Every structure is written in C-alpha cells, then in structure tokens.
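Student: Sequence below, structure please.
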Amino acid sequence: MSARNLVVIGVSTGGPLTLKALFRELPALDAAFVVVLHITPQMDYRIAQGLDAVASMPVTLAEDQEFLRSGRIYLAPGGFHLRLNGNQRVVLCEGPRVNYVQPAADVAMLSLTRQLKGKLVGIVLTGMGKDGAEGIRHIKRLGGVTMAQDQQSSTIYGMPKAAADTGAVDFVLPPQKIAAKLKEILDPL
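Tutor: Residues are numbered from 1 along each chain as shown. As a prediction, the model looks like this:
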C-alpha cells in the first residue's frame with residue numbers, strides 16, 4: 001500500500017540508541033518513515049538490522065527509485081543523499097556533502113512537497129551541527145507537524161537545538177513522548 005502519510009527523521013550522534021528507543025514504542029502506523037542518519041556505507045546495513053530487531057515495522061535500506069509504502073521504515077544508505085520525488089519515490093544521488101554529511105537530513109526534507117492528502121511530519125533527533133534545521137523550517141511551511149528531541153534526552157543537543165531555534169518546531173520532547181505524539185497523529189495499520 002503506497003504511503004499517504006510520511007514521517008522524515010534526521011539524526012546523528014547517539015542516533016541508533018535513540019531510534020531504538022523511539023521505534024520500540026511505536027506500533028505499526030499508517031505512514032512511511034524515512035530515517036536520515038549520518039552513517040557510513042560500512043555501518044548502514046548493520047544499523048538497519050539492529051532497528052529491524054526492535055521495531056514493529058520492517059526496517060530496510062532505501063533503494064533508488066523505490067516507492068514508499070505505509071508501515072515501513074526506510075534508512076537512507078551511507079554515502080548517498082536521499083531525495084523524495086513527489087513525497088513517494090526514493091531518489092539516491094551522490095554529490096557534495098551538505099552540512100558536512102552525506103546523507104543529509106536537509107537534502108531529504110527540502111525535497112518534500114506539500115501533501116495533498118495525508119500528513120507530513122518532520123523530526124530532528126540528537127546530533128552535532130545543524131543538519132535538519134532548514135528542513136524543519138521547510139516542512140513547517142508546507143503545513144507539516146514538526147518535532148525535535150529535548151536537551152535532557154539528547155546525546156548531543158546540536159541538531160535538535162538548531163531546529164528548535166528556527167521557531168518552526170511544534171513539539172520538543174524525549175523519544176518516548178515523540179512516539180506518543182506520533183501515535184496521536186497517525187492511525188494504526
């Protein structure tokens with residue numbers, strides 16, 4: 001089933017543990033989840049496997065030209081930027097690093113377009129730097145719901161702080177409360 005609802009998550013340092021804490025709390029939801037974690041190609045498959053072990057939705061590495069499906073979690077592979085064509089189709093591309101990283105959350109988030117149907121959610125979790133801040137601003141402008149991880153639960157409060165500092169974040173919460181908010185916004189499968 002193609003995805004009407006879309007959740008895009010940007011995360012870096014401390015990401016795998018934070019993502020496990022988040023996905024462990026979530027039932028299968030009627031949305032496609034795209035996770036942009038700053039990782040190397042050597043680590044991406046292992047991290048996807050680790051998340052798949054705890055998540056109630058299947059976790060796979062996103063593949064070029066793949067159409068997003070509801071109830072699935074897609075991890076951007078290391079060494080590529082991930083863009084979404086029409087909020088539905090994965091486009092993997094090489095190119096210069098953005099915010100010193102590849103994949104970059106901003107690249108994925110800034111590729112999004114206004115949803116005609118369904119919900120759009122942008123989340124920035126723990127990490128160094130400011131990747132995701134421009135993306136969160138863009139998602140808010142599109143009418144999406146935006147969240148950032150709180151300082152207390154972040155390994156490094158760089159990315160979530162940069163996102164919150166834009167003034168475009170609706171909710172600043174720890175991972176368990178982000179999960180609760182997602183359950184409120186999205187229907188179960």
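Student: And for residue 124, the neighbour number?
Tutor: 35 (other Cβ atoms under 10 Å). To be clear about C-beta, it is placed using only N, CA and C from the backbone, and glycine gets the same treatment.
Student: and the gap between it and residue 26?
Tutor: 17 Å (Cβ to Cβ, to the nearest Å).
Student: repeat for residue 84
Tutor: Distance of residue 84 to residue 26, computed by Cβ to Cβ: 21 Å.
Student: which residues of this protein fall in strands?
Tutor: Secondary structure of the chain (DSSP state E): strands at 6-11, 32-37, 59-61, 72-75, 81-85, 89-93, 120-124, 145-149, 171-173.
Student: Leaving aside the residues adjacent along the chain, what's closest to residue 64?
Tutor: residue 92 (4.2 Å; Cβ to Cβ, 6 or more residues apart in numbering).
Student: so that neighbour makes contact with residue 81?
Tutor: Yes. Contact between residue 92 and residue 81 holds when scored by Cβ atoms under 8 Å: they sit 7.3 Å apart.
Student: Residue 131 - nearest residue in space that isn't next to it in sequence?
Tutor: residue 99 (4.0 Å).
Student: can you check residue 107 too?
Tutor: residue 81 (4.3 Å).
Student: Now do that neighbour against residue 162, distance only.
Tutor: 19 Å.
Student: thinking again about what came up before, between residue 92 and residue 81, point out the one with more neighbours.
Tutor: For residue 92 versus residue 81, the count of surrounding residues by other Cβ under 10 Å is larger for residue 81: 23 against 18.
Student: Quick check: pLDDT value at the more buried one.
Tutor: The pLDDT attached to residue 81 in the predicted structure is 98.
Student: Pretty sure it sits against residue 101.
Tutor: No. With contact defined as Cβ under 8 Å, residue 81 does not count as touching residue 101 (9.4 Å).
Student: low pLDDT regions in the protein?
Tutor: For the chain, applying pLDDT under 70 flags the ranges 1.
Student: List phi and psi for the spatially closest residue to residue 94 that is not a sequence neighbour.
Tutor: Computed as Cβ to Cβ, 6+ apart, the closest residue to residue 94 that is not its neighbour in sequence is residue 80, at 6.3 Å. Torsion angles at residue 80 (phi, psi; degrees, to the nearest 10) stand at phi -130, psi 150.
Student: Residue 80 is in contact with residue 104, isn't it?
Tutor: No. If you go by Cβ under 8 Å, residue 80 and residue 104 don't touch, sitting 10.3 Å apart.
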